[in-house]
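Q: What follows is a predicted structure for the sequence shown.
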Amino acid sequence: MQDMWTGDKVRLRGVEPEDWEGFRDLARNSVDARNADLVEPPRSDESFRAWTADRAGRPPGGDAFRLVVEGLSDHAFAGAVTVGETDSRAGRFRTGIEIARVHRRRGYAAEATGLILGYMFAEQRCNKCEVEVYAFNDASLALYRAQGFVEEGRLRQHEFFAGAHHDVVLLGLTASEYWATHRRPSLR
């Protein structure tokens, strides 16, 4: 039986308490943090340990969850993928991904995103995935477009940081668009 959480390059797994250093390192690079979200003030190591221990103790799944992206070649923490803002009535969800600088340009983000999309479309009966990407984040825009996401709109001057307002690009992918280019899971 094939593991739906493992691709050729990465494995998605639950957060473990020892992952705190990986999450701390993701947050330490202000440019990377800004590309993924908003920059926050520095946190203590103890704060990261407590936050990660709390995440590790939560039950899996639900409407919002975070998984660690682990490189198969070295079993190292490579980043994290999130699912949130799930609307089971409408059948849609949002996702996002962060990959540590030392693990970029290896196809990890694309494969991890594909694993999450496959799970949400095949197992959770979702019909649509949405993402929001800052308009200046060319790498993320290219990632999602390569996955088949279509630009659905732009929120002009929507977020403020780094001394200016910035646009947010809205992209979407339906289950039928995804399955048009991916194999459905096998029952055997």
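A: Nice, I can see it. The structure displayed is predicted, hence computed values, not measured ones.
Q: okay, CA-based contacts and neighbour counts for the rest of this
A: Will do.
Q: any idea which helix or strand comes after the helix or strand of the chain at the bottom of the mean pLDDT ranking?
A: For the chain, scoring each helix and strand by mean pLDDT, DSSP states H and E identifies helix 30-36 as the least confident one, at a mean of 67. Proceeding N to C from helix 30-36, the next assigned helix or strand is helix 45-57, under DSSP states H and E.
Q: Please compute how far whichever helix or strand comes after that following helix lies from its chain's middle.
A: Downstream of helix 45-57, the next assigned helix or strand under DSSP H and E is strand 65-71. The gap between where strand 65-71 is centred and where its chain is centred comes out at 8 Å by Cα atoms, centre = their mean, to the nearest Å.
Q: Against which helices or strands is strand 65-71 packed?
A: Under the contact definition 3 or more Cα pairs under 8 Å, 6 or more residues apart in numbering; DSSP states H and E, strand 65-71 sits against strand 10-13, strand 77-87, helix 108-122.
Q: mind redoing it with 10 Å?
A: Strand 65-71 is packed against strand 10-13, helix 45-57, strand 77-87, strand 92-99, helix 108-122, with contacts defined by 3 or more Cα pairs under 10 Å, 6 or more residues apart in numbering; DSSP states H and E.
Q: Tell me which of those approaches residue 157 most closely.
A: The stretch from the helices and strands packed on strand 65-71 with the least distance to residue 157 (Cα to Cα) is strand 92-99; that distance is 20.7 Å.
Q: Name every strand pairing with that closest one and say which way it goes.
A: strand 77-87 (antiparallel), strand 128-134 (parallel) (DSSP bridges).
Q: Distance from that strand to the middle of the chain?
A: Mean C-alpha position of strand 92-99 versus that of the full chain (Cα atoms, centre = their mean) differs by 3 Å.
Q: list the buried ones in that strand?
A: Neighbour-count burial for strand 92-99 flags 92-99 (criterion: 16 or more other Cα atoms under 10 Å).
Q: and the angle from that strand to helix 108-122?
A: Between the axes of strand 92-99 and helix 108-122, defined by axes from the mean of the first three to the mean of the last three Cα atoms, to 10 degrees, the angle is 160 degrees.
Q: Convert the C-alpha atoms of strand 92-99 to PDB, please.
A: Written as PDB, here are the backbone C-alpha positions of strand 92-99 (Å, rounded to 0.1, in the frame of the first residue of the first chain):
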ATOM      1  CA  ARG A  92     -13.400  24.700   0.000                       C
ATOM      2  CA  PHE A  93     -10.300  25.200   1.900                       C
ATOM      3  CA  ARG A  94      -7.100  27.300   1.900                       C
ATOM      4  CA  THR A  95      -3.500  26.100   2.100                       C
ATOM      5  CA  GLY A  96      -0.100  27.600   2.400                       C
ATOM      6  CA  ILE A  97       3.500  26.400   2.500                       C
ATOM      7  CA  GLU A  98       6.900  27.500   3.900                       C
ATOM      8  CA  ILE A  99      10.100  25.900   2.900                       C
END
